[in-house]
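Visitor: coordinates only, no sequence provided:
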Ligand SMILES: [Zn+2]
């Protein structure tokens, strides 16, 4: 999820993509845990991601980490990690409308 604090977002997005190292294109600041709406002290909850990596992170990595951690026995995991946010949200909304 994108940052609302533009100053923090700008400071994070100047970094290379923290997933692939991309520096030539646009990057943006993303929260690791969407439920926490800040970068956190030391910016532990922030990533600079290029558009491709942001999509992979949201739609593949977080749901897989959620499943793996849950299988491992971890509890109190961020609900936002439980599913592919964008696609699942669109499906949920479509189902609610029908
Ligand atoms: Zn990247």
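Guide: On my side now, so go ahead. Nothing here was measured: the structure is a model prediction, and the numbers come from that model.
Visitor: going forward, measure contacts and count neighbours with C-alpha atoms only.
Guide: Noted.
Visitor: show me where this structure has strands.
Guide: Shown for the chain, the strands assigned by DSSP state E span residues 28-31, 46-49.
Visitor: next, see if the first one gets close to the ion.
Guide: Just to be clear, that refers to strand 28-31. No - shown here: strand 28-31 not in contact with the ion (C-alpha under 5 Å from the ion), separated by at least 10.1 Å.
Visitor: coming back round to it: and the strands of the chain as TSV, adding mean pLDDT, distance to residue 67 and mean neighbour count?
Guide: Shown next, in TSV, are the strands of the chain (pLDDT from 0 to 100; distance: least, C-alpha to C-alpha, whole Å; neighbours: other C-alpha atoms under 10 Å):
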stretch	mean pLDDT	distance to residue 67	mean neighbour count
strand 28-31	93	19	24
strand 46-49	96	21	26
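Visitor: want to try JSON lines for the ones you listed, with distance to residue 40 as columns?
Guide: Below are the strands of the chain laid out as JSON lines (distance: least, C-alpha to C-alpha, whole Å):
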{"stretch": "strand 28-31", "distance to residue 40": "10"}
{"stretch": "strand 46-49", "distance to residue 40": "8"}
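Visitor: residue 64 and residue 38, how far apart?
Guide: Look at residue 64 and residue 38: by C-alpha to C-alpha, to the nearest Å, they are 23 Å apart.
Visitor: who's more crowded, the two?
Guide: A direct count of neighbours by other C-alpha atoms under 10 Å for residue 64 and residue 38 places residue 38 higher, at 20 against 17.
Visitor: for the more buried one, what are its contacts?
Guide: Going by C-alpha atoms under 8 Å, 6 or more residues apart in numbering, residue 38 touches 3, 31, 45-46.
Visitor: closest one of those residues to residue 80?
Guide: residue 31 (10.7 Å; C-alpha to C-alpha).
Visitor: identify the bridge partners of that closest one.
Guide: residue 46 (DSSP bridges).
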